[in-house]
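Visitor: Prediction below, plus the sequence it came from.
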Amino acid sequence: MKKLSVRTATKEYPVITGSGALKEIVPLLLNMKPAVTSLMVISDDNVAPLYLSDVTAELSKTALPVYDHIVPHGDQEKSFQNYFSCQTAALEFGLDRHSVIIALGGGMVGDLAGFVAGTYMRGIRFIQVPTTLLAHDSSVGGKTGINHHLGKNMIGVFHHPEAVIYDAEYLKTLPQHEIRSGFAEVIKHAIIKDRSFYRYLHENVRSLDDLGYGTRLEEAITKGIQIKAEIVQEDERENGVRALLNFGHTLGHAIEAELGYGKWTHGDAVAAGMLFALRIGASVYGTSLIEDSEINEWLQELGYPQLPASLSPEKLLSRMKKDKKAHSGTVKMVLLPEIGKAEVREVPDPLLIEELHKFLA
Ligand code: NAD
Ligand code: ZN
């Protein structure tokens with residue numbers, strides 16, 4: 001088991017990873033000040049049949065009342081309707097200002113439950129218990145929220161958890177395409193901030209099976225969280241370096257929107273976005289990284305899909321311009337002068353269109 005600490009301007013909280021991490025939740029809850037009055041687990045209907053009874057059995061050891069509320073699975077369920085159903089359940093169960101919400105699930109449950117906690121009675125405490133690999137990214141950093149039909153993640157609050165309890169054992173039931181999706185964000189964290197972690201992953205993870213469920217996977221999770229935590233620590237509200245986490249996401253988000261949300265996993269879209277950002281980097285800096293083709297081949301070996309040639313470069317560009325992070329109509333992208341170093345650069349439209357045509361060919 002490993003314990004790291006995430007520190008931000010407003011809060012410090014532990015991230016406990018490793019097999020059996022759930023055992024840490026009882027002492028944690030019993031030591032919280034002010035004393036906890038009741039608990040509500042929020043989960044989805046894929047995760048609940050697998051892990052809810054284990055988690056509630058463990059939580060019962062606190063002798064506190066334990067309630068649960070299950071929402072349907074899938075990113076489209078990160079909705080106002082489910083937000084409202086969680087609030088109704090919390091009121092019906094009689095949760096008060098000292099109750100604690102437990103988010104048991106992937107990033108969808110974490111974002112939804114975090115937003116419920118962040119706004120119920122003007123904000124109560126919550127704990128993240130992630131069950132996906134992607135959630136190494138979503139469970140730290142304090143961003144919570146829901147989707148609106150006019151845009152993903154458009155409504156939310158910054159609200160940090162009291163703790164993240166991450167037992168990699170839960171990932172054993174995760175479908176392989178979800179492992180691949182989460183691993184794209186691990187690769188992203190390595191590429192933008194830590195060259196030696198990138199080399200480690202490249203040498204040791206030649207297929208997703210190589211990740212396994214032991215030390216290597218745990219290492220990927222802890223290191224990924226560490227990098228994310230360092231960046232968030234420096235810039236909680238995304239005024240500067242936090243934007244580097246957007247590597248691969250400018251085109252990635254455009255792909256997700258253009259294909260229709262849910263057609264590709266987030267990580268598959270980010271993987272394609274990272275390759276595109278490397279190409280743009282090569283053009284902007286006038287030199288390609290020696291790792292460019294290495295990363296390209298590696299992502300293919302890992303099974304990340306190729307973009308369908310039917311996608312329109314013009315439509316993708318117009319989506320990229322609508323990105324929350326675009327300013328005054330010019331696309332900003334995270335580019336890499338070298339592996340482990342990233343920076344935000346404005347990229348002119350003609351270059352984007354030219355490269356998109358080549359990328360889709
Ligand atoms: P998810 O929570 O929807 O989980 C993916 C699928 O796997 C779901 O069908 C889920 O029911 C199922 N599942 C989860 N755990 C399982 C397990 N252990 N065994 C079997 N099935 C399991 O998606 P995700 O990929 O974890 O997260 C994506 C979400 O995270 C998106 O909503 C995205 O916007 C958000 N996100 C937030 C942040 C942030 O900073 N807050 C960062 C990145 C992503
Ligand atoms: Zn992402």
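Guide: Perfect, thanks for sending it. Ligands and ions are numbered 1, 2, ... in the order given.

Visitor: which residues does the closest residue to ligand 1 within the stretch 151-300 of the chain contact?
Guide: The stretch 151-300 of the chain approaches ligand 1 most closely through residue 173 (3.6 Å), counting by CB to the nearest ligand atom. C-betas here are computed from N, CA, C, even on glycine. Residues in contact with residue 173 (CB atoms under 8 Å, 6 or more residues apart in numbering) are residue 50.

Visitor: so what's it scoring on pLDDT?
Guide: With respect to pLDDT, residue 173 scores 97.

Visitor: and it, backbone torsions?
Guide: Main-chain torsions, residue 173, degrees, to the nearest 10: phi -100, psi 0.

Visitor: From residue 50, how far out is it?
Guide: 6 Å (CB to CB, to the nearest Å).

Visitor: go on, residue 82?
Guide: Residue 82 sits 19 Å away from residue 50 when distances are taken as CB to CB.

Visitor: Pick out whichever of those two has more residues nearby.
Guide: The neighbour count for residue 82 versus residue 50, taken as other CB atoms under 10 Å, is higher for residue 82 (22 against 15).

Visitor: pLDDT value on that one, please?
Guide: 98.

Visitor: Would you mind naming the residues that bridge with the closest residue in space to it that isn't next to it in sequence?
Guide: Closest residue to residue 82 in three dimensions, ignoring its sequence neighbours and counting by CB to CB, 6 or more residues apart in numbering: residue 71, at 4.5 Å. Here residue 71 sits in beta bridges with residue 44, going by DSSP bridges.

Visitor: What distance do you get for residue 71 to ligand 1?
Guide: 10 Å (CB to the nearest ligand atom, to the nearest Å).

Visitor: tell me, how many neighbours does that residue end up with?
Guide: 24.

Visitor: Quick one: neighbours of residue 204, just the number.
Guide: Other residues close to residue 204 by other CB under 10 Å number 12.

Visitor: Pretty sure it sits against residue 216.
Guide: Yes. Contact between residue 204 and residue 216 holds when scored by CB atoms under 8 Å: they sit 6.3 Å apart.

Visitor: Between the two, which contacts overlap?
Guide: In terms of CB under 8 Å, 6+ apart, residue 204 and residue 216 are both contacted by the residues residue 210.

Visitor: Residue 152: what secondary structure?
Guide: Secondary structure for residue 152, judged by DSSP: H, G, I helix; E, B strand; the rest coil, is strand.

Visitor: thought it was touching residue 261?
Guide: Yes. If you go by CB under 8 Å, residue 152 and residue 261 touch, sitting 7.1 Å apart.

Visitor: and the residue nearest to residue 82, what pLDDT?
Guide: Note on residue 71: pLDDT of 98.

Visitor: Tell me, how many residues neighbour residue 84?
Guide: By other CB under 10 Å, the residues close to residue 84 number 12.

Visitor: Over to residue 206?
Guide: Neighbour count for residue 206, taken as other CB under 10 Å: 12.

Visitor: Quick check: closest non-adjacent residue to it.
Guide: That would be residue 301: by CB to CB, 6+ apart, it lies 6.3 Å from residue 206.

Visitor: Could you report the neighbour count for the one you found?
Guide: Residues near residue 301, counting by other CB under 10 Å, number 12.

Visitor: for the one 3 residues further on, same thing?
Guide: Using other CB under 10 Å, residue 304 has 24 neighbouring residues.

Visitor: Could you list the low-pLDDT ranges of this structure?
Guide: Counting by pLDDT under 70, the ranges of the chain that qualify are 324-327.

Visitor: What residue spans form the domains of it?
Guide: Using automatic domain parsing, the domain ranges for the chain come out as 2-173, 176-208+234-360.

Visitor: Rebuild those domains as JSON lines, extending it with distance to residue 224.
Guide: As requested, the domains of the chain are arranged in JSON lines below (distance: least, CB to CB, whole Å):
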{"stretch": "domain 2-173", "distance to residue 224": "5"}
{"stretch": "domain 176-208+234-360", "distance to residue 224": "4"}
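
Visitor: mind checking which of those domains is nearest residue 226?
Guide: The closest of the domains of the chain to residue 226 is domain 2-173. By CB to CB, the value is 6.1 Å.

Visitor: Can you get me the start-to-end distance on that closest one?
Guide: Start and end residues of domain 2-173 are separated by 22 Å (CA to CA, to the nearest Å).

Visitor: any idea whether residue 67 is helix, strand or coil?
Guide: Taking three-state DSSP, the label given to residue 67 is strand.

Visitor: Quick check, it in contact with residue 86.
Guide: No. Shown here, residue 67 and residue 86 do not form a contact pair, counting by CB under 8 Å, at 11.1 Å.

Visitor: In what element of secondary structure is residue 35 found?
Guide: Using DSSP states H and E, residue 35 falls within no helix or strand.

Visitor: That one and residue 98 touch, don't they?
Guide: Yes. Residue 35 is within contact range of residue 98, at 6.7 Å (criterion: CB under 8 Å).

Visitor: Neighbour count: those two, which is higher?
Guide: Using other CB under 10 Å as the criterion, residue 35 and residue 98 rank with residue 98 on top: 15 against 10.

Visitor: Phi, psi for the nearest residue to that one once chain neighbours are set aside please.
Guide: Nearest in space to residue 98, with sequence neighbours left out and distances taken as CB to CB, 6+ apart, is residue 37 at 4.4 Å. With angles defined as degrees, to the nearest 10, residue 37 sits at phi -100, psi -40.

Visitor: What is the neighbour count of residue 37?
Guide: 15.

Visitor: residue contacts, residue 34?
Guide: residue 98.

Visitor: For it, give me the backbone phi and psi.
Guide: phi -60, psi 160.
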